[in-house]
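Enquirer: predicted model follows, preceded by the sequence.
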Amino acid sequence: MTTTYSGVPTVADHRLSMDELAAVIARDIPAGAFVNLGIGQPTKIADQLPADSGVVLHTENGMLNMGPRAVGDAIDPDLTNAGKVPVTELPGAAYFHHADSFAMMRGGHLDVCVLGAYQVAFNGDLANWTTGGPDDIPAVGGAMDLAIGAKDVYVMMTLFTRSGAPKLVPRCTYPLTGVGCVSRVYTDHGVFDVGPDGVRIRETYGISAEELANRCGVTRPGPTGDSEG
Amino acid sequence: MTTTYSGVPTVADHRLSMDELAAVIARDIPAGAFVNLGIGQPTKIADQLPADSGVVLHTENGMLNMGPRAVGDAIDPDLTNAGKVPVTELPGAAYFHHADSFAMMRGGHLDVCVLGAYQVAFNGDLANWTTGGPDDIPAVGGAMDLAIGAKDVYVMMTLFTRSGAPKLVPRCTYPLTGVGCVSRVYTDHGVFDVGPDGVRIRETYGISAEELANRCGVTRPGPTGDSEG
Amino acid sequence: MSRTEILESTDAAVAGIEDGSTVLVGGFGLAGMPFDLIDALIRQGAKDLTIVSNNAGNGDVGLAALLAAGRVRKVVCSFPRQADSWVFDGLYRAGKIELEVVPQGNLAERMRAAGAGIGAFYCPTAVGTPLAEGKEEREIDGRKYLLEYPIKGDYALISAHVADAMGNLVYRKTARNFGPVMATAATTTIVQVDEIVEIGKLDPEAVVTPSIYVDRVVQVTARHYTVQGAR
Amino acid sequence: MSRTEILESTDAAVAGIEDGSTVLVGGFGLAGMPFDLIDALIRQGAKDLTIVSNNAGNGDVGLAALLAAGRVRKVVCSFPRQADSWVFDGLYRAGKIELEVVPQGNLAERMRAAGAGIGAFYCPTAVGTPLAEGKEEREIDGRKYLLEYPIKGDYALISAHVADAMGNLVYRKTARNFGPVMATAATTTIVQVDEIVEIGKLDPEAVVTPSIYVDRVVQVTARHYTVQGAR
């Protein structure tokens, strides 16, 4: 497995907040893309998209061109996102039923989805649905469908657990959501490409690429900037 | 295979025309049924349904509650039946696409469909899509889907070919459309139940049940009215 | 015979649901949940039910109330655990309810298959995960798939926005969710609607669930809940 | 990136279709057939095409004209033989065109599978018939099924009634037929419409094909044909 991190820019002098990270991801989503932002943290990305991006948001519960969160009188119990949060409708929206919504997803028509994760492996394996603990009630929702459905699956997460263990790992220890499905991992400390060719650090925040690589246990690069890890 | 034809009423003093036969079938379709009438002769049944039957017609090209044939200014090239004949729309109609239309059919939601046939076997096998001849261009359309889809599949046909050979046969010689799928055969000479229990003559037109049985090669009944055939 | 019945009460609408039935229950969280039919089902008393629904109840209303009443033997769903799923959580941790977790898209597609007469289908979701256990795997054109079987209901309880007197249905916004799929997958589909209109008042181009899938319809007064309770 | 292009001409709309492409062509007989796109494809010149369509052309217009121009290597369809299919009949009898006959529901469902990411599905249609030859058979719950694979197109040429400027589509009556399914099953979906309206003018509840499935749209002047010719 090859790891590349020479010449990687450190583009911020501090670890990014989740709002700042959302802005980074928003910057990387191509104009006009069809995008699913899952639930939780990634939904913040919607607020960071430029007004003229033309990005169309899909929500698994049957809608394209979902608008921002609804507030006040705009709250309609019949209109929510996948996290059951009241949202709004943009002009050009379309509603469809659940089988059609997941056909759209599974059929590879979404350009990007962004998911949270417990762990991502260097090869792109994703674990984000259950810790597998004895007291954990397993709940998968649409995570497995999204993981294998979108053309590009991005993960947005903090890089380390509260106890300091990296969540970008050589091999997931939590139960998998999907195999080799993630292509990019956005974290508070930096952005990584992952997949069959291994990990590549794209940019870092408040930390050097070398230190980041060390903390995640990715192998040091050789003189060419590449190494087998 | 059991054949029953004792005590069968001869309910007409003549062989029925196709219009008369359409009226017989219309009589047997339960009120409120969802019905597909295929193409050709069976479409005549629509004209014979009582106005208050509540029967809803399905056409495979994506419509429920199809109305009668369109004439004059009512002809709309965007509104045809399965035979590409311009038709009309009744109040309460619904349009849907082809995958949904055949899901409805294949899923067993139609109560009755009525098809034409080249041959029907005593066990309910159906042959109605190709003669298999060297110059025949095979064309199946929705026939195989309908044959296995509706709860009850009726056939409407003349009982004999122009050369006098019965089309209700011990075993189809033409290529099959479906296996054991037909439950009833309406013909100009009489009506037959067919299926795993064999042939039972229900009523005849201008001919005795015994003579009809003989002409179709179904075995004579024993003293009980049943026999192994 | 297949004509849709328009009923005067939710009690009449749920009459005859047998103990041990598999009941498909619409809704994604609270949106589209058939609250009034579920309340009627609680009064009706059928027990030992298998419930197929996206979630396993929210707060103390709807599906959560049915669970709390002890009528449900098993839940087949994609996402039982939510901030407000305390009823289910308690039953599950006490070992009083069985759970089958199905990825959300498979839940929808397996019910579609039931309605569409598909015997089984090869689906890429969940390959290589714990939810693949016991499923047949096959590689097709270089990609791995799992064989998934239909989920058929004895009954579906769903909520729609407007029905015409034939039983054609339209929905409202994301409350559509599982309703149209469940309507096709159940032997008997029971629908609560906000309004019943005359035949001919719905646009035939915009009907989402054709009447052929609808067995019983009852009009109710719209009630909406949020996670926090009635509003 | 995936944004729908609104094009000024049918020639621009069909630009880039390569020789040897598989092209899904909408329409059931003449209803819903994208006449103008097919005429443009004839001008464009792509040859050695595989055409997937319900029929194999009617009269001398549309698909029949494409066949007559000698651009089609193979037709995958359910019902080639019709009263007015003389162009196909002649080519077929002369051994100049290949034919694969697929039951109509399988044609639709196989394209749906391509669009929905289903690897294959077990279908009861055609069991025990000559069209079962070479197909894997399996018994599930006492019923026999055949394994059917997706049909994917490089391009889809379809006709819809109205598009909004994002590419959302609505259709008209039974001209809807294969359009919505083909739109999901092709890498590039090209649509001719009678009218393009502003974003926001289509009812989101009534959109049949969401814009995500639509790559190119061109407005044309409505032309209709009957079996007997232009009208």
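Expert: Great, that's in hand. Remember, it's a predicted structure, so these values are computed and weren't measured experimentally. Numbering: from 1, shown residues only, chains lettered A, B, ... in the order given.

Enquirer: what residues does chain C have near chain D?
Expert: With C-beta under 8 Å from any C-beta of the partner chain as the criterion, chain C comes near chain D at residues C:109, C:113, C:116-124, C:138, C:140-141, C:143, C:145, C:149, C:170-173, C:203, C:205-206, C:208. C-beta: built from backbone N, CA, C; applies to glycine.

Enquirer: where helices are concerned, which of these count?
Expert: By the criterion of DSSP state H, membership of these in helices covers C:Glu109, C:Ala113, C:Ala116.

Enquirer: out of the residues you listed, who's near chain B?
Expert: C:Ala116.

Enquirer: for chain B, state which of the ones in helices among the residues of chain C next to chain D is nearest.
Expert: Checking these against chain B by C-beta to the nearest C-beta gives C:Ala116 as the nearest, at 3.5 Å.

Enquirer: just checking, that closest one touches B:Ala103?
Expert: Yes: using C-beta atoms under 8 Å, C:Ala116 makes contact with B:Ala103 at a distance of 3.5 Å.

Enquirer: near chain A too, which of the residues of chain C next to chain D?
Expert: When contact is defined as C-beta under 8 Å from any C-beta, the residues of chain C next to chain D meet chain A at C:Glu109, C:Cys123, C:Pro124, C:Tyr171, C:Arg172, C:Lys173, C:Val208.

Enquirer: so what sits against both of C:Ala116 and B:Ala103?
Expert: C:Thr184, D:Glu109 (C-beta atoms under 8 Å, 6 or more residues apart in numbering or on different chains).

Enquirer: who has more neighbours out of these two?
Expert: Neighbour count, other C-beta atoms under 10 Å in any protein chain shown: between C:Ala116 and B:Ala103, C:Ala116 has more, with 29 against 24.

Enquirer: which residues touch the more buried one?
Expert: B:Phe102, B:Ala103, B:Arg106, B:Gly107, C:Thr184, D:Glu109.

Enquirer: next, count neighbours for the fifth one.
Expert: Spelled out, it's C:Thr184. 26.

Enquirer: what's the nearest residue to A:Gly190 if we skip its chain neighbours?
Expert: Leaving out its chain neighbours, the residue that sits closest to A:Gly190 by C-beta to C-beta, 6 or more residues apart in numbering or on different chains is A:Thr204, at 3.8 Å.

Enquirer: for the residue in chain A positioned nearest to chain C, identify the helix or strand it belongs to.
Expert: Nearest residue of chain A to chain C, counting by C-beta to the nearest C-beta: A:Phe102, 3.1 Å away. Element membership for A:Phe102 (DSSP states H and E) is helix A:98-106.

Enquirer: now C:Asp11: closest residue in space that isn't a chain neighbour?
Expert: C:Ala40 (5.2 Å).

Enquirer: any idea which helix or strand carries that neighbour?
Expert: helix C:35-44.

Enquirer: ok, and what's touching that helix?
Expert: C:9-11, C:13-15, C:17, C:23, C:25, C:61-63, C:65-66, C:69, C:71, C:157, C:159, C:190, C:192, C:218, C:220, C:223, C:225.

Enquirer: narrow those to those that are buried.
Expert: Neighbour-count burial (16 or more other C-beta atoms under 10 Å in any protein chain shown) is assigned, among the contacts of helix C:35-44, to C:10, C:13-14, C:17, C:23, C:25, C:61-63, C:65-66, C:71, C:157, C:159, C:190, C:192, C:218, C:220, C:223, C:225.

Enquirer: would you point out which residue is most central in chain C?
Expert: Centroid-nearest residue in chain C: C:Val25, 2.5 Å away (criterion: C-alpha atoms, centre = their mean).

Enquirer: who's in contact with that residue?
Expert: Taking C-beta under 8 Å, 6+ apart, we find C:Val25 in contact with C:Met33, C:Pro34, C:Ile38, C:Ile51, C:Val52, C:Ser53, C:Leu63, C:Ala156, C:Leu157, C:Ile158, C:Met182.

Enquirer: output those as JSON lines; include the columns pLDDT.
Expert: Formatted as JSON lines, the contacts of C:Val25 follow (pLDDT from 0 to 100):
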{"residue": "C:Met33", "pLDDT": "94"}
{"residue": "C:Pro34", "pLDDT": "96"}
{"residue": "C:Ile38", "pLDDT": "97"}
{"residue": "C:Ile51", "pLDDT": "98"}
{"residue": "C:Val52", "pLDDT": "98"}
{"residue": "C:Ser53", "pLDDT": "98"}
{"residue": "C:Leu63", "pLDDT": "94"}
{"residue": "C:Ala156", "pLDDT": "98"}
{"residue": "C:Leu157", "pLDDT": "98"}
{"residue": "C:Ile158", "pLDDT": "98"}
{"residue": "C:Met182", "pLDDT": "98"}
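
Enquirer: just the terminal-to-terminal distance for stretch A:155-173.
Expert: End-to-end distance for stretch A:155-173: 17 Å, by C-alpha to C-alpha, to the nearest Å.

Enquirer: spatially central residue for chain A, please.
Expert: Short answer for chain A (C-alpha atoms, centre = their mean): A:Val155, at 2.3 Å.

Enquirer: in the sheet, who's paired with it?
Expert: For A:Val155, the beta-bridge partners under DSSP bridges are A:Leu115, A:Val185.

Enquirer: what's the pLDDT at it?
Expert: Note on A:Val155: pLDDT of 98.

Enquirer: same deal with A:Thr219?
Expert: The predicted local confidence for A:Thr219 is 71.

Enquirer: would you mind giving the secondary structure of it?
Expert: coil (DSSP: H, G, I helix; E, B strand; the rest coil).

Enquirer: about what we covered before: could I get the contacts of C:Val25 in a markdown table, plus columns for secondary structure?
Expert: Converted to a markdown table, the contacts of C:Val25 look like this (three-state DSSP):
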| residue | secondary structure |
| --- | --- |
| C:Met33 | coil |
| C:Pro34 | coil |
| C:Ile38 | helix |
| C:Ile51 | strand |
| C:Val52 | strand |
| C:Ser53 | coil |
| C:Leu63 | helix |
| C:Ala156 | strand |
| C:Leu157 | strand |
| C:Ile158 | strand |
| C:Met182 | helix |
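
Enquirer: wait, C:Ser53 sits on C:Leu63?
Expert: Yes: judged on C-beta under 8 Å, C:Ser53 makes contact with C:Leu63 at a distance of 6.0 Å.

Enquirer: so, low pLDDT: which residues of chain A?
Expert: A:1-5, A:220-229 (pLDDT under 70).

Enquirer: what residues does chain A put near chain C?
Expert: Counting by C-beta under 8 Å from any C-beta, the residues of chain A that sit close to chain C are A:59-63, A:76-80, A:84, A:89, A:95-99, A:101-103, A:105-106, A:132, A:135, A:137-145, A:148-149, A:175-179.

Enquirer: these: which ones sit near chain D?
Expert: Restricting these to those near chain D - C-beta under 8 Å from any C-beta - leaves A:Glu89, A:Tyr95, A:Phe96, A:Phe102, A:Ala103, A:Met105, A:Arg106, A:Gly149.

Enquirer: tell me the spacing between the last one and D:Thr189.
Expert: A:Gly149 is 19 Å from D:Thr189, where distance means C-beta to C-beta, to the nearest Å.

Enquirer: check the fifth one too.
Expert: Taking C-beta to C-beta as the measure, A:Ala103 and D:Thr189 are separated by 15 Å.
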